[in-house]
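Asker: No sequence on hand, only this structure:
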């Protein structure tokens, strides 16, 4: 009975989740959260550094059509992921207490759902291939069922690690899995495996993550399940799964429209553009989501602290991601052919438009964590229904103008959706709309000016013989101009970064002296 009553995470001491010494309860939650963000961000940087090398190799060895086939498959596979999870892992993250019975209930329910859905996918794979007009899609879908099994098995262990704020462990596991998968993908590609290089990368990643997660947590499922707990988790999880299902359905419909109208090659070109833009977002924003969900859940009872934490996190996310997006907008015409070759030149306009949309929608990733942390997934689901419906409708209309039309449509929807999101957040948080919009507006002016300067710099550097040097010099100009403008127009964001990030005293003081922040301190 004692095992049934154990809650996770436990009181201070040695954690039964990871076996590590737990964090001092007096340690600031902001510092712990910042440490988690740094670990996850470092993991993203390392993974993406290796991922870029992998992507360069794959784009030279694998045809755009094959990228399109895998993109079509990956608009279906997440449906199985999310419906198998049933939103239970997110419930475990935000619940005040979880015990052995609730963990086991979540595990067995997800396992049964995953088995049934995987079997169904094996049967309908030929029908989906016919719908996309891609005969080669059926075997790819069947092979990717191998990635569903470990994803379902790892859901509860990963939730336990995140609940314990063991973000260093999560980051290192993801790093190992990604690097091993990239090695396998490159090897398969160099051996002429084509589309199977991309498939093997996905499968290997999920299996390594699952094995490492189970090896780290000190928990095993029991057969003590509860119908009452299942109903409670399902009530919460239906809303979470509804949101995930909605987003995946939107992606499925978009990819189907593009594949049927423009062909799999166009879908592959768009997929590579999307990968480039996702890199910038994942460096910071995707790291904030798992951390912010836990943090917002823990401080939701302190309204003022919640508001302050939210606005600071939003400002930091915009300020840190915007320069990367700006660099992509400015250098894409040179960067994409340089990295991937001339056959990917058509990915340039979509990448530029998606980068602009990425800046605009960056806050949505943090708001996702906010609403889940507050236990309000229903409100976020309603917002997502409207936005995703508008995105699909816009894609259906804009596809007649090719990939450029589709990407520009994303920018239009992103702008309108952001304004609607400000209104929604203001109501939930009890703040005015201008207050919610302030972090974005504060960074908007430096972003616009830096983009203009970057375009002028690229034009001036156009005569250089080395495209790599052209991109590097332009990146230096963008970084310097953006930092200088933030110091003048958004110095509060820099102060927040130095105050939140766990930097040693001397480096923090050196940065303050370099930027001469003392001259701008409030009286």
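Answerer: Alright, I've got the coordinates. Just so it is clear, the structure is predicted and the values come from calculations on it, not from any experiment.

Asker: what about the stretch 151-300 of the chain, any weak spots by pLDDT?
Answerer: Residues of the stretch 151-300 of the chain meeting the criterion pLDDT under 70: 239-240, 243, 280, 282-300.

Asker: Repeat the analysis, applying 80 as the threshold.
Answerer: Counting by pLDDT under 80, the stretch 151-300 of the chain contains low-confidence ranges at 164-168, 171, 236-247, 278-300.

Asker: Now do the helices in it.
Answerer: All helices of the stretch 151-300 of the chain, identified by DSSP state H, counting those that start in this stretch, fall at 155-163, 167-190, 195-216, 227-262, 264-299.

Asker: Pick the most deeply packed of the ones you listed.
Answerer: Most buried of these by mean neighbour count (mean count of other C-beta atoms under 10 Å) is helix 155-163; its value is a mean of 24. To be clear about C-beta, it is placed using only N, CA and C from the backbone, and glycine gets the same treatment.

Asker: Run through who's touching stretch 340-348.
Answerer: Defining contact as C-beta atoms under 8 Å, 6 or more residues apart in numbering, one finds that stretch 340-348 is touched by 55-56, 59-60, 64, 266, 269-270, 272-273, 276, 332-333, 336-337, 403.

Asker: ok, 6 Å please
Answerer: 59-60, 269, 272-273, 332-333, 336-337 (C-beta atoms under 6 Å, 6 or more residues apart in numbering).

Asker: closest to residue 77 out of the helices of the stretch 151-300 of the chain?
Answerer: Nearest to residue 77 among those is helix 195-216 (8.1 Å), distances taken as C-beta to C-beta.

Asker: Could you check the angle that closest one makes with helix 167-190?
Answerer: Taking axes from the mean of the first three to the mean of the last three C-alpha atoms, to 10 degrees, one finds helix 195-216 and helix 167-190 inclined to each other by 150 degrees.

Asker: elements contacting helix 195-216?
Answerer: In this structure, helix 195-216 makes packing contacts with helix 64-73, helix 137-153, helix 155-163, helix 167-190, judged by 3 or more C-beta pairs under 6 Å, 6 or more residues apart in numbering; DSSP states H and E.

Asker: circling back to that earlier point, export the helices of the stretch 151-300 of the chain to a markdown table and append columns for distance to residue 389.
Answerer: Shown next, in a markdown table, are the helices of the stretch 151-300 of the chain (distance: least, C-beta to C-beta, whole Å):
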| stretch | distance to residue 389 |
| --- | --- |
| helix 155-163 | 28 |
| helix 167-190 | 32 |
| helix 195-216 | 28 |
| helix 227-262 | 8 |
| helix 264-299 | 20 |
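
Asker: Relative to residue 416, which of the ones you listed is closest?
Answerer: Nearest of the helices of the stretch 151-300 of the chain to residue 416, taken as C-beta to C-beta: helix 227-262 at 15.4 Å.

Asker: how about CSV for the helices and strands packed on helix 195-216, with distance to residue 94 added?
Answerer: Below are those laid out as CSV (distance: least, C-beta to C-beta, whole Å):
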stretch, distance to residue 94
helix 64-73, 31
helix 137-153, 20
helix 155-163, 9
helix 167-190, 16
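
Asker: And those helices: which comes nearest residue 241?
Answerer: For the helices and strands packed on helix 195-216, proximity to residue 241 was assessed by C-beta to C-beta; helix 155-163 is nearest, at 12.2 Å.

Asker: ok, and what's touching that closest one?
Answerer: Helix 155-163 has contacts (C-beta under 6 Å, 6+ apart) with 8, 17, 85, 89, 92-93, 103, 106-107, 110, 169-170, 213-214, 217, 290.

Asker: before we move on, the earlier item: with respect to residue 391, which of the helices and strands packed on helix 195-216 lies nearest?
Answerer: Taking C-beta to C-beta, helix 64-73 is the member of the helices and strands packed on helix 195-216 nearest to residue 391, at 16.3 Å.

Asker: helices or strands next to that closest one in the packing?
Answerer: Packing partners of helix 64-73 (3+ C-beta pairs under 6 Å, 6+ apart): helix 137-153, helix 195-216, helix 227-262, helix 264-299.

Asker: average model confidence for it?
Answerer: Average pLDDT, helix 64-73: 92.

Asker: With stretch 133-144 instead?
Answerer: Averaged over stretch 133-144, pLDDT sits at 93.

Asker: How about stretch 471-491?
Answerer: For stretch 471-491, the mean pLDDT works out to 87.

Asker: Take the helices and strands packed on helix 64-73 and lay them out in JSON lines including distance to residue 120.
Answerer: Conversion of these to JSON lines gives the following (distance: least, C-beta to C-beta, whole Å):
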{"stretch": "helix 137-153", "distance to residue 120": "10"}
{"stretch": "helix 195-216", "distance to residue 120": "19"}
{"stretch": "helix 227-262", "distance to residue 120": "15"}
{"stretch": "helix 264-299", "distance to residue 120": "24"}
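
Asker: right, and those - which one's nearest residue 368?
Answerer: Closest among the helices and strands packed on helix 64-73, using C-beta to C-beta: helix 264-299, at 6.0 Å.

Asker: circling back: among the helices of the stretch 151-300 of the chain, which comes closest to residue 363?
Answerer: helix 264-299 (8.6 Å).

Asker: continuing past the closest one, what's the next helix or strand?
Answerer: Following helix 264-299 in sequence order, the next helix or strand is helix 303-340 (DSSP states H and E).

Asker: If I take that following helix and helix 64-73, what angle do their directions form?
Answerer: 150 degrees.

Asker: how much distance is there from helix 303-340 to the middle of the chain?
Answerer: Relative to its chain's centre, helix 303-340 lies at 13 Å (C-alpha atoms, centre = their mean, to the nearest Å).

Asker: Report how many residues lie close to residue 423.
Answerer: 12 (other C-beta atoms under 10 Å).

Asker: I'd like to know which elements the helix or strand hosting it is packed against.
Answerer: Using DSSP H and E, residue 423 sits within helix 402-429. Counting contacts by 3+ C-beta pairs under 6 Å, 6+ apart, helix 402-429 packs against helix 348-373, helix 377-398, helix 433-460.

Asker: what mean pLDDT does that helix have?
Answerer: pLDDT averaged over helix 402-429 gives 91.

Asker: List the buried residues in it.
Answerer: Using 16 or more other C-beta atoms under 10 Å as the test for burial, helix 402-429 gives 402-403, 405-411, 413-414, 417-418, 421-422, 424-426, 429.

Asker: Equivalent analysis for stretch 323-339, please.
Answerer: Neighbour-count burial for stretch 323-339, counted by 16+ other C-beta under 10 Å, picks out 323-332, 334-339.

Asker: Need the max-distance pair from these.
Answerer: Spatial extent of the buried residues of stretch 323-339 (C-beta to C-beta) is set by the pair 323 and 337 at 22.2 Å.

Asker: quick one: residue 57 and residue 180, what's the gap?
Answerer: According to C-beta to C-beta, to the nearest Å, residue 57 stands 15 Å off from residue 180.

Asker: Can you give me the domain boundaries for this protein?
Answerer: Domain assignment of the chain by automatic domain parsing yields the ranges 62-252, 263-506.

Asker: if we can go back for a sec, closest one of the contacts of helix 155-163 to residue 184?
Answerer: Residue 184 lies nearest to residue 213 out of those, by C-beta to C-beta, at 19.3 Å.
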